[in-house]
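[1] Fold the stuff below for me.
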Amino acid sequence: MMTVMRRLGEMVRRPDEIYPSMKWTMMVRAVQKQLPPQPHWAFCYSMLLQATRNLGFSILQLPLQLRKPMMIFYLVLRALDTIEDDMSLSSEVKIPILIAFHEHIYDHDWQFSCGSPKYKVLMDNFYNVRTAFLELETSHREVIKDVTKRMGAGMAKFISKEVETMDDLHEYAHYSAGVYPGISRIFRTSKLEDSSCHSADQEHLYNSMALLVQKSDVIRDYLEDVHEAPEPRRFWPRCIWGKYVNKLEDFKHEENSAKAVQCLNEMVMYTLTDVEDSLKNLSSLKDPVEFRFYALHHVAATGMLALCYNNIDVFRSASNLKLRPGLAAKLFDRIWTISDLCRAILEFSSLMKSKVEKHDPNSVETLVRIEAIEHICKTGSQQEC
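    Residues are numbered from 1 along each chain as shown. Next up is the predicted model:
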């Protein structure tokens, strides 16, 4: 009851989010009522809606020839992530599975149960994903297999390797968010993007998008990662957190709150470069469907950085680190062009700027990076993709 009343209160305070929220809810219900008759495809659609809200919504809005391969792409990589995330598995068990997972997706006899209750459903029913995967076009299967192979090998490498430097974090992000170059390949093989238009700017975009999304996730997931049993997961680089505490887990303790927030703000500050880089290159995408897909991911990651910046909840209550459903729905409803994206990013950069405190040791550099993003947005808001 309290949740319903809180949602009603949010709607009253933010009436511009009511229509997008209703539109979003109606679309999800329509999908749920019109699941494909084939049980494997019905499971995949249902699992997509359960596993990821924002990404699921962006996938469902794609044309059918993209929707199915993108959905299976996500579910295969979600299963790979579930294996990596399960800290109850020993390295001896986990590493060979990660390395060979690109082969398991073809193997009708392979099954492996693991993960939290939410994702254990996916792993226990992975045969449905495999069946759907094998019905995709050969070109789409090859993209998914190739990305899964590279991501699995990269994840396996970091099972036993600590993230010491920013270069280590960038390497891990490159592997873990390698989906972005794969997305582009699916667009091209679906004939929705002219392969002759592929450019160096786009390659740079895919890399900066991978860094932005993965680093924003790593920042947001601090508490979840350090609470993993039997061993915490550590993805914040030691070169940053080592300035403040002896162990990354020490940020959980209230006596370290000031140091925790300063370290958090430094992590966000470094990630703002990725916001800037990817924003510069988004206009290189000429296909409006692909542009919008990347733009929605960009704004969601930037919004998460704005929410996390200077926010002690990163170390206290991970449940508070979510974009409001109404805000997410409004963004998804309104972002279609580079101008729309720039206006949304300006709102988040303004929010972040309002949270910068002069006594923070990285406040000056943070403001410089925010203002660089704002400059790009004010220029880009006069353009159309």
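[2] And the contacts of stretch 152-171?
    Outside of stretch 152-171, the residues within contact range by C-beta atoms under 8 Å, 6 or more residues apart in numbering are 80, 84, 91, 94-95, 98-102, 172, 174-176, 178, 211, 215, 218, 234-240, 270. Placement of C-beta: from N, CA and C, glycine included.
[3] Show me which positions of it end up buried.
    Residues of stretch 152-171 classed as buried by neighbour count (16 or more other C-beta atoms under 10 Å): 152-156, 158, 163, 168-171.
[4] and what of stretch 80-95?
    80, 82-86, 89, 94-95.
[5] what's the first-to-last distance across it?
    Stretch 80-95 has an end-to-end distance of 11 Å (C-alpha to C-alpha, to the nearest Å).
[6] Distance from the chain centre to that stretch, please.
    Averaging C-alpha positions (C-alpha atoms, centre = their mean, to the nearest Å) puts stretch 80-95 20 Å from its chain's average.
[7] Give me the below-cutoff pLDDT ranges for this structure.
    Within the chain, the segments meeting pLDDT under 70 span 1-12, 177-178, 191-201, 380-385.
[8] need the longest helix for it.
    Secondary structure of the chain per DSSP state H: the longest helix is helix 257-281.
[9] any chance you could read off phi and psi for the closest residue to D313 other than its chain neighbours?
    Leaving out its chain neighbours, the residue that sits closest to D313 by C-beta to C-beta, 6 or more residues apart in numbering is N320, at 4.4 Å. For N320, the backbone dihedrals (degrees, to the nearest 10) come out as phi -90, psi -10.
[10] where along the stretch 1-150 of the chain do the helices fall?
    2-13, 18-33, 39-51, 54-60, 64-85, 91-104, 117-124, 126-134, 138-159 (DSSP state H, counting those that start in this stretch).
[11] Can you lay out these as CSV showing distance to C263?
    Formatted as CSV, those follow (distance: least, C-beta to C-beta, whole Å):
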stretch, distance to C263
helix 2-13, 31
helix 18-33, 35
helix 39-51, 30
helix 54-60, 27
helix 64-85, 23
helix 91-104, 28
helix 117-124, 29
helix 126-134, 38
helix 138-159, 21
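[12] circling back to that earlier point, orientation of whichever helix or strand comes after the longest helix of the chain relative to helix 64-85 in degrees?
    Next in sequence after helix 257-281, counting helices and strands by DSSP states H and E, comes helix 288-308. Here helix 288-308 runs at an angle of 40 degrees relative to helix 64-85 (axes from the mean of the first three to the mean of the last three C-alpha atoms, to 10 degrees).
[13] tell me the domain ranges of this structure?
    28-161, 163-180+189-385 (automatic domain parsing).
[14] Contact partners for P39?
    By C-beta under 8 Å, 6+ apart, the residues touching P39 are N128.
[15] So which residue is dead centre in the chain?
    The centre of the chain sits closest to V213, judged by C-alpha atoms, centre = their mean, with a distance of 4.8 Å.
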